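J.: Pasting the sequence and the predicted coordinates here, then a few questions.
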Amino acid sequence: MLTLLLSVILTFSSPVNDVISLAGNFGEPRPNHFHGGIDVKTGGVEGKPIFAIADGYVYAVTMGVGGFGNAVYVRHPNGTTSVYCHLKKFSPQITSILRRRQVEKQQNGGEIRFRPTDLPVAAHQLIAVSGNTGSSQAPHLHLEIHDTKTWDMLDPLDFVGDLITDGFAPLAHGFMAYPQDGEGVFNGGASKQSYGFSAHHLNREFTAWGKVGFGIWANDYMEITYNRYGVRKTQLIIDGDTIFSSDLARIPVQSNMQVNAWGDYEHFLRYKIWYMRTYLLDGVTLDALHTDERRGIFDFNQQKTYQVLFLLTDYKGNQSQYSFTVKGVPTTIYKKNKAKSILNTLHSDRQQYFQLPGMSLCIRKGYLAEDVTLQPTVGEATYSKSYRFLGRSCKLFRYTPLSIRLTKKVPDTSKLYITSDAPSNQFLGGTFRDGWVTGKARELGATYRIAYDDTPPTINPVNESSWSSSKMITIGVVDGESGVASCKTYIDGRFVPMYDVPKSQWLRCDLRQSPIAKTNGNHEFKVIATDRRNNQRVYTTTIKY
């Protein structure tokens, strides 16, 4: 496929030797993020060759960063960067330079960058072998394409879509009606209601009055798999007027959390089904979503029959339509009598501070999808009070500052940090000043407190007695408090790279591939592990090699 970007024409090829079969596509709604690429099947096994999809150069590799596991980043002259994730290992050429850089930087995991002249690659040149590293649930290749300048996520099918066969149109399973609070009713009710699509056109006539939004539960499919995918384009058309449309071709990384506000996150948490709204909450700013000044809310204000149509289209242009009619019936609309504290209400369109004794939370403009009335609870913890702001999950679009006052003297204030229980014992940073610890928060439904960590990580040798005979060194490094920040390994004072063992907390080194010469004598092996509060543990032993 020929793709033009920044006036440079590149030919894009397949990242695998087999027919491209997808386990997931771009933009699928996931809790707290959009799926940022395509998942290419590798036959359920590891070890398949992975190729660069276009000319360029290897800009970086990462090991154990985020959920990508081992990943290769290739920059292309058209202004894009392709990212290949969950890899088992890198090509020999990349591995050779990577090992030298790791020794120079004394770095095991993380990111290693390269110069443009270090590792140039051509389209369909081997760069790695597929695997199951990182947060992968089964062996596959996760392929992403980004705008190099903005790092916006781009749909890889816009680059390699011609290599994929797909003749199936998306299917809708149901729609949700969202009467607006105090402004509308649907089928006589003021609460949201869901209805299944038993056919492409529902013969049942619905009723409405006032302002109503809609949402749709739909998936795309392909004939060569049984997987479900996200829908590339959605349109809501009422009486021939397009009041909402979406086209998931580009998504800014920083907008990932907005998936919870476009989709009905509350419904997903309960039923594991995504209804994607065809209207916009006040704080939603995704460029992929388009409405007029009504923001996708329709006003049923005439005594007539309205024609409602959902139009679903996939990348290949396969299209399906789902329709029903709504009769405008004048109905009395009652405002819900909600107890609402002005002091506890956070607004999506302004920056605010929410404070309780011993706590201050800053909510910046644009971090909320809609106004939220907090229901704070305060408890007891070891080094501070504990604070929870809401009795349900509500994630901010970005991290925001949170300060908590210290209530117990500690020997070393540099060991303090903010933690939350979602997930358990999450490290959220911490700077101590004038009796307060300032970290960050994102989930209003989590419980926050100050924690203290003066305990270094634990280093566990794995099958140490077999190291000399197997020539394989394996260690486990864990820290159950602030978490491991770095781990450095040395033989006779010389840094030796070690690599993550997938789906474990182990690091492993094959002595035969290390820079240490075999002498059949004794060598000192040393591990220095440091956590995020700068507690350090040193482990030393003798190996024969």
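T.: All right, it came through fine. Numbering: from 1, shown residues only.

J.: Show me which positions of the strand ranked longest in the chain end up buried.
T.: The longest strand of the chain (DSSP state E) is strand 201-219. The neighbour-count check on strand 201-219 (16 or more other CB atoms under 10 Å) flags 202, 206, 208-219 as buried. In this view, the C-beta of every residue, glycine as well, is placed from N, C-alpha and C.

J.: Would you mind giving those as TSV with distance to Cys85 and pLDDT added?
T.: Converted to TSV, the buried residues of strand 201-219 look like this (distance: CB to CB, whole Å; pLDDT from 0 to 100):
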residue	distance to Cys85	pLDDT
Leu202	41	98
Phe206	44	98
Ala208	45	98
Trp209	50	98
Gly210	47	98
Lys211	43	98
Val212	41	98
Gly213	36	98
Phe214	35	98
Gly215	31	98
Ile216	30	98
Trp217	28	98
Ala218	27	98
Asn219	23	98
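
J.: Just say helix, strand or coil for Lys316.
T.: Per DSSP: H, G, I helix; E, B strand; the rest coil, the local secondary structure of Lys316 is coil.

J.: can I assume it is in contact with Pro170?
T.: No: counting by CB atoms under 8 Å, Lys316 stays clear of Pro170, with 10.6 Å between them.

J.: Give me the below-cutoff pLDDT ranges for the stretch 101-250 of the chain.
T.: By pLDDT under 70, the stretch 101-250 of the chain has no low-scoring segment.

J.: Parallel or antiparallel, list what pairs with the longest strand of the chain.
T.: If you go by DSSP bridges, strand 201-219 pairs up with strand 171-186 (antiparallel), strand 276-277 (antiparallel), strand 298-300 (antiparallel), strand 319-328 (parallel).

J.: give me the low-pLDDT residue ranges for the chain?
T.: Checking the chain against pLDDT under 70 turns up 1-8, 337-341.

J.: let's see 80
T.: 1-9, 336-343, 423 (pLDDT under 80).

J.: CA atoms only for the host helix or strand of Leu143, dumped as CSV, please.
T.: Using DSSP states H and E, Leu143 maps to strand 140-147. The C-alpha trace of strand 140-147 is given here as CSV (Å, rounded to 0.1, in the frame of the first residue of the first chain):
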residue,chain,number,x,y,z
HIS,A,140,1.2,-12.3,19.2
LEU,A,141,2.7,-9.2,17.7
HIS,A,142,1.2,-5.8,18.8
LEU,A,143,2.0,-3.3,16.1
GLU,A,144,1.6,0.4,16.6
ILE,A,145,2.2,3.4,14.3
HIS,A,146,2.7,6.9,15.7
ASP,A,147,3.1,10.3,14.3
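
J.: Can you tell me what sits against the following helix or strand past that strand?
T.: Next in sequence after strand 140-147, counting helices and strands by DSSP H and E, comes strand 153-154. With CB atoms under 8 Å, 6 or more residues apart in numbering as the test, strand 153-154 has contacts from 26, 34, 36-37, 80, 144-147, 249-253.

J.: Mind listing the strands strand 153-154 pairs with, and their directions?
T.: When DSSP bridges is applied, strand 153-154 pairs with strand 140-147 (antiparallel), strand 250-251 (antiparallel).

J.: what element comes up after the last one heading to the C-terminus?
T.: Read it as strand 250-251. Later in the chain than strand 250-251, the nearest helix or strand by DSSP H and E is helix 259-262.
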